[in-house]
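Trainee: missing the sequence, but the structure's below:
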């Protein structure tokens with residue numbers, strides 16, 4: 001066996017000695033200064049072992065770079081130089097710190113063995129061609145992995161227990177600070193308090209995060225800096241849509257202490273890079289949730305309502321929230337021919353509900369047609385106001401009372417069923433435990449019966465829990481007051497169209513339009529949220545007639561057989577026929593400059609052999 005000094009040969013000293021420095025985060029570089037100094041000091045150790053100063057290379061490009069977030073280019077260059085045989089030895093404080101994982105370290109050590117590259121750390125000199133050195137480094141790598149696992153388990157366990165008590169401290173969102181005793185309190189800065197309160201008020205008024213950004217246009221919003229030299233400082237800047245979403249989704253503003261809202265998941269990209277993605281977990285999977293933990297800006301019920309409203313505004317998830325346009329049924333209209341949602345188009349001649357998706361996908365049916373908004377919205381609004389009349393609401397409330405009574409009886413029956421199943425499960429458990437363990441023939445039968453009773457209990461409790469989840473309903477007084485004031489509120493100029501749409505959607509699920517391909521009839525189907533449905537038939541409004549003056553048509557017909565488009569335009573302009581309103585086409589077009597009219601209606605005639613530059 002060779003000693004440590006004998007492992008370093010002349011061939012090693014003729015190549016480069018690489019001092020590889022690695023610290024994963026800028027915080028480690030900023031705070032662990034002594035570790036950085038020790039790694040730079042390895043250059044003196046390389047000189048002591050015989051390497052000339054010009055052959056000592058310090059690689060510090062990976063200081064403060066985490067392999068989780070970005071590729072470590074310096075490490076890649078090191079591996080490349082090792083594979084080319086340019087490196088005689090690699091110096092590091094610990095072999096396990098050369099790479100992020102044990103697999104990467106073993107791969108580098110394999111390359112070192114193939115190219116006769118030494119590995120030198122604080123414990124010794126290792127020649128990877130020697131089996132004993134390979135064994136030692138392999139064991140050290142496994143021990144390092146085990147040490148990291150044990151340390152991470154202890155740290156995470158301590159953090160989890162502290163979070164369960166609500167004592168784990170973390171970076172607070174803007175609007176909250178820690179007092180000298182470590183308790184969470186509202187920021188005493190009144191400007192910060194006003195900004196946070198106005199954000200929630202603007203969302204309650206506008207109903208969307210984009211609307212909040214519009215309200216705060218030209219006004220600054222606070223932000224707390226975390227990390228870096230200015231950690232904890234209060235900064236001000238414009239409010240962005242991302243900031244609004246972050247504030248509205250943060251349960252801390254509702255006075256709740258939450259831990260474990262997100263989870264990190266690792267994935268392999270097509271290029272082989274391992275990335276870490278942060279995934280937001282549903283509320284049922286949060287590790288810790290403690291309500292009324294600290295003072296709140298809004299109530300917990302308001303937080304849940306904001307969360308539901310944000311989900312309803314999520315257009316990328318298939319939602320179609322009410323917009324500002326004048327079309328009342330925008331977002332809830334479906335085509336009766338193909339079943340697809342109909343889009344809303346606003347044109348100078350008026351808004352239309354259009355089945356445009358079928359044309360784009362070339363699956364249009366004869367019933368997929370555009371419908372003017374006016375007639376549809378008038379019918380739906382009339383039916384809505386009639387359905388919400390006081391006498392209609394009285395009948396609906398009477399039916400709701402009967403339904404509630406039936407539901408209460410059904411709920412009581414489910415409770416009795418669950419109680420019976422719980423009693424049967426306890427009896428089966430007692431019978432199983434009373435059986436002699438050696439009598440397996442009887443014990444197996446009793447065990448199967450116990451498991452069957454437990455399954456019945458689980459099904460009964462699940463059905464009871466599902467039956468118990470009901471949406472909150474408004475009181476009778478609120479509905480009757482709304483019915484009395486609704487017609488006046490609906491017709492008031494101060495009522496925004498978006499509010500009318502929200503009221504409509506609260507009672508109407510969707511509207512289906514089915515056009516008659518051979519006639520002007522349109523069947524309008526209204527499906528109410530109560531489950532009822534009705535159908536009405538209206539007549540499609542006629543399009544405005546567009547006629548070209550006969551004088552202009554006569555002149556074009558007379559010149560057409562013997563003149564080109566350019567010559568006809570020149571003759572018309574010379575005669576100043578097109579300059580008067582009475583001689584324009586039915587669509588209001590006229591020729592200018594004698595240029596030809598291509599693809600447009602030329603005084604009622606379609607021409608097709610030039611460009612559209614001559615029409616304005």
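Mentor: Sure, I can see it. None of these values were measured; they are calculated from a predicted model. Numbers count the residues shown, from 1 in each chain.

Trainee: Quick one: distance of stretch 362-376 to the chain centre.
Mentor: With CA atoms, centre = their mean, to the nearest Å as the basis, stretch 362-376 stands 32 Å off its chain's centre.

Trainee: What lies in contact with that stretch?
Mentor: With contact meaning CB atoms under 8 Å, 6 or more residues apart in numbering, stretch 362-376 is reached by 326-329, 333, 335-338, 342, 344-345, 350-355, 358-359, 511, 513-517, 522, 524, 538-541. C-betas here are computed from N, CA, C, even on glycine.

Trainee: Report the buried residues of that stretch.
Mentor: Judged by neighbour count (16 or more other CB atoms under 10 Å), stretch 362-376 contains these buried residues: 364, 367, 368, 369, 370, 371, 372, 373, 376.

Trainee: mind listing which of the residues you listed are in helices?
Mentor: In helices, defined here by DSSP state H, the members of the buried residues of stretch 362-376 are 373, 376.

Trainee: Packing partners of the helix or strand containing residue 570?
Mentor: Residue 570 belongs to helix 565-574 when elements are defined using DSSP states H and E. Secondary-structure packing of helix 565-574 (3 or more CB pairs under 8 Å, 6 or more residues apart in numbering; DSSP states H and E): helix 550-559.

Trainee: packing partners for the helix it packs on?
Mentor: Using 3+ CB pairs under 8 Å, 6+ apart, helix 550-559 is in contact with helix 565-574.

Trainee: same question for stretch 182-201, mean pLDDT?
Mentor: Mean pLDDT, computed over stretch 182-201, is 91.

Trainee: From start to finish, how long is that stretch in a straight line?
Mentor: Terminal residues of stretch 182-201 lie 29 Å apart, using CA to CA, to the nearest Å.

Trainee: Now stretch 214-230: buried residues?
Mentor: The neighbour-count check on stretch 214-230 (16+ other CB under 10 Å) flags 215, 216, 221, 222, 223, 224 as buried.

Trainee: again but with stretch 347-364, I slipped
Mentor: 351, 352, 353, 354, 355, 356, 357, 358, 364.

Trainee: Could you dump these into JSON lines and include secondary structure?
Mentor: Shown next, in JSON lines, are the buried residues of stretch 347-364 (DSSP: H, G, I helix; E, B strand; the rest coil):
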{"residue": "351", "secondary structure": "strand"}
{"residue": "352", "secondary structure": "strand"}
{"residue": "353", "secondary structure": "strand"}
{"residue": "354", "secondary structure": "strand"}
{"residue": "355", "secondary structure": "coil"}
{"residue": "356", "secondary structure": "helix"}
{"residue": "357", "secondary structure": "helix"}
{"residue": "358", "secondary structure": "helix"}
{"residue": "364", "secondary structure": "coil"}
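
Trainee: Name the nearest of those residues relative to residue 10.
Mentor: residue 357 (76.2 Å; CB to CB).

Trainee: for residue 517, helix, strand, or coil?
Mentor: State at residue 517, reduced to three classes by three-state DSSP: coil.

Trainee: out of everything not next to it in sequence, what's closest to it?
Mentor: With sequence-adjacent residues excluded and distances taken as CB to CB, 6 or more residues apart in numbering, residue 517 is closest to residue 366, at 3.8 Å.

Trainee: and the one you found, what pLDDT?
Mentor: Looking at residue 366, the pLDDT reads 83.

Trainee: cool, and residue 485?
Mentor: pLDDT for residue 485: 67.

Trainee: Share the number of residues neighbouring the nearest residue to residue 300 once chain neighbours are set aside, please.
Mentor: Take residue 300 and drop its neighbours on the chain: the residue closest to it by CB to CB, 6+ apart is residue 254, 4.8 Å away. By other CB atoms under 10 Å, 22 other residues sit near residue 254.

Trainee: next one: the one 5 residues further on
Mentor: Other residues near residue 259 come to 17 when the count uses other CB under 10 Å.

Trainee: Next: residue 417.
Mentor: Look at residue 417: counted by other CB under 10 Å, it has 17 neighbours.

Trainee: What mean pLDDT does the host helix or strand of it get?
Mentor: In this assignment (DSSP H and E), residue 417 forms part of helix 390-434. Across helix 390-434, pLDDT averages out at 75.

Trainee: Could you check the helix or strand just after it and say which residues are buried?
Mentor: In the C-terminal direction, the helix or strand that comes right after helix 390-434 (DSSP H and E) is helix 440-468. For helix 440-468, the buried set under the neighbour-count rule, 16+ other CB under 10 Å, comprises 446, 449, 450, 453, 454, 456, 457, 460, 464.

Trainee: Nearest residue to the last one in space, ignoring adjacent ones along the chain?
Mentor: Across the structure, with CB to CB, 6+ apart as the measure, the residue nearest residue 464 apart from its sequence neighbours is residue 414 (4.5 Å).

Trainee: In contact with that neighbour, which residues?
Mentor: By CB under 8 Å, 6+ apart, the contact set of residue 414 is 460, 463, 464, 467.

Trainee: make it 6 Å
Mentor: 463, 464, 467 (CB atoms under 6 Å, 6 or more residues apart in numbering).
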